[in-house]
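A.B. asks: here are the coordinates; sequence isn't available:
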C-alpha cells in the first residue's frame, strides 16, 4: 500500500495534459532497449497486445514515436522514439525524480539506510 501511495504521489508531479503512465513506460523501454515490436513492448510492460496497440498508435499519431521496418525481417514493424518522444520522457522522469530526491534528502541517515534496504528487498521481489 505504501509503494502504491508513493507511486501515485510520484505520478502527481506531472503537469496536466502530459502523457500517461503507459505511454511514458513505452517511451522509457524504447529509450533503454532500442526499437521494439508491438509484441516485445507488450511483453516488457506486461500488457496485452491490444492495449499496447492503442498506446503505440497514440504515440505515433502524436509524433512521440515512429514505425520503422525491421532491418532483419521486412515483414515486421518496429517502434522507435522520436526526439520529441525522448524529450517528453526525460522531462517527465526528471520531474518525478526531482520530487523524490527532495523528499529523500529530508530523511535522516538512518532512515535512508532503511529505505535502501527496503529498496533492495523490493527489487528482489520484483525480479522473482
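C.D. replies: Perfect, I can see it now. The model shown is predicted, which means the values in this text are computed figures rather than measured ones.
A.B. asks: Residues contacting the top helix by length along the chain, please?
C.D. replies: Ranked by residue count under DSSP state H, the longest helix found in the chain is helix 83-105. Helix 83-105 is touched from outside by 9-11, 13-15, 18-19, 24, 27-28, 30-31, 59, 63-65, 81, 112, 115, with contacts defined as C-beta atoms under 8 Å, 6 or more residues apart in numbering. For glycine as for every other residue, the C-beta is placed from the backbone atoms N, C-alpha and C.
A.B. asks: Buried ones in stretch 12-32, by neighbour count?
C.D. replies: Across stretch 12-32, burial judged by 16 or more other C-beta atoms under 10 Å covers 14, 19, 22, 23, 24, 25, 26, 27, 28, 29, 30.
A.B. asks: Also stretch 64-75?
C.D. replies: Quick answer for stretch 64-75 (16+ other C-beta under 10 Å): 64, 65.
A.B. asks: which residues are contacting it?
C.D. replies: 19, 23, 26-27, 30, 35, 37, 56, 59-60, 76-82, 84-85, 88.
A.B. asks: does the residue of the chain most remote from its centre count as helix, strand or coil?
C.D. replies: What lies farthest from the middle of the chain is residue 110; by C-alpha atoms, centre = their mean that is 29.8 Å. Classification of residue 110 using DSSP: H, G, I helix; E, B strand; the rest coil returns helix.
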